[in-house]
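Enquirer: test case, fold it:
(one chain, ligands or ions: 2)
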Amino acid sequence: MAHHAVSLQHITLTLPSRAGAVEILRGVDLSVNTGEAIGIVGPSGSGKTSLLMLIAGLERATSGTIEVAGVSLIDKNEDALARFRRDTIGIIFQSFHLIPTMTALENVAIPLEFKGVSNALQIAKDKLDRVGLGHRLTHYPGQLSGGEQQRVAIARALASGASLLLADEPTGNLDQETGDQIINLLFELKEQHAASLLLITHDRALARRCDRIAEVRDGRIISGNHP
Ligand SMILES: Nc1ncnc2c1ncn2[C@@H]1O[C@H](COP(=O)(O)OP(=O)(O)OP(=O)(O)O)[C@@H](O)[C@H]1O
Ligand SMILES: [Mg+2]
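Expert: Ligands and ions are numbered 1, 2, ... in the order given. Alright, predicted model coming up:
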């Protein structure tokens with residue numbers, strides 16, 4: 001049987017703070033089908049980014065099980081998680097997270113080079129062409145507009161053949177029109193790569209472009225957790 005792109009069962013996340021333990025996620029079940037786009041909405045502080053960090057293997061759950069592309073993340077060590085992330089997941093953040101001392105081309109090529117791909121620069125160039133940045137290859141992030149930086153981040157997320165795209169408020173720092181362009185591009189590339197997409201957004205209209213919406217409140221999914 002085909003596996004889910006993401007399958008979370010009974011996930012809790014409790015982190016220490018000065019004021020004592022904080023229960024950030026309090027029993028989350030979520031399945032995302034392969035090729036599906038799911039919109040994650042919910043108030044500030046409800047746990048959306050924390051959820052994304054767990055799925056990306058950047059944070060460890062306190063309890064529960066997490067499978068991504070049919071692989072359990074729970075018992076992987078840090079090295080194995082990093083490898084898994086590199087091969088399977090593309091992450092797109094609100095604040096782009098590009099390396100400031102590297103050109104657009106280098107930013108996209110670097111994960112491929114880490115992976116030992118021999119034609120990393122050529123692939124990176126192709127991906128940047130694809131997002132309309134063929135004429136900005138040697139620009140540094142500081143020399144790119146916000147929308148252009150987000151295009152680089154999308155090219156990077158897709159360059160290594162990720163089958164799962166995780167986007168956290170990807171248009172949060174962009175004007176409406178640029179944001180719309182970025183989202184169109186994201187959905188287009190998702191289709192082309194037959195990838196799954198988990199999109200966190202405060203924008204209900206944007207969430208509605210996804211196949212399904214899950215609503216997070218106070219560390220729980222209160223609606224939309226079943227396909
Ligand atoms: N490292 C941490 N230690 C303790 N508490 C944390 C930590 N990281 C996040 N939190 C708390 O967990 C809760 C959920 O945070 P999270 O970033 O997941 O919210 P969010 O839904 O993404 O909010 P926003 O829409 O504002 O981005 C918040 O109350 C936050 O203060
Ligand atoms: Mg957040």
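
Enquirer: CA only for contacts and neighbour counts going forward, please
Expert: Noted.

Enquirer: you'd agree F96 is up against Q150?
Expert: Yes - using CA atoms under 8 Å, F96 is in contact with Q150, at 5.6 Å.

Enquirer: mind naming the longest helix for the protein?
Expert: helix 176-192 (DSSP state H).

Enquirer: let me know the pLDDT of the most centrally placed residue in the chain.
Expert: Nearest to the mean C-alpha position of the chain, by CA atoms, centre = their mean, lies L166 at 1.7 Å. In this model, L166 is scored at 96, pLDDT.

Enquirer: please name the bridge partners of it.
Expert: I91, L198 (DSSP bridges).

Enquirer: which residues touch it?
Expert: Shown in contact with L166 (CA atoms under 8 Å, 6 or more residues apart in numbering): 52, 56, 89-92, 197-199.

Enquirer: neighbour-wise, which of those residues leads?
Expert: L197 (29 neighbours; other CA atoms under 10 Å).

Enquirer: ends of stretch 130-142, how far apart?
Expert: Taking CA to CA, to the nearest Å as the measure, stretch 130-142 stretches 21 Å from start to finish.

Enquirer: return the distance of that stretch from the chain's centre.
Expert: 21 Å (CA atoms, centre = their mean, to the nearest Å).

Enquirer: hmm, who's touching that stretch?
Expert: 98-105, 125, 128-129, 148-149, 151-152, 154-155, 185.

Enquirer: just the buried residues out of these, in PyMOL syntax.
Expert: To isolate the buried ones among these in PyMOL, judged by 16 or more other CA atoms under 10 Å, type:
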select buried, resi 98+103+104+105+125+128+148+149+151+152+154+155+185
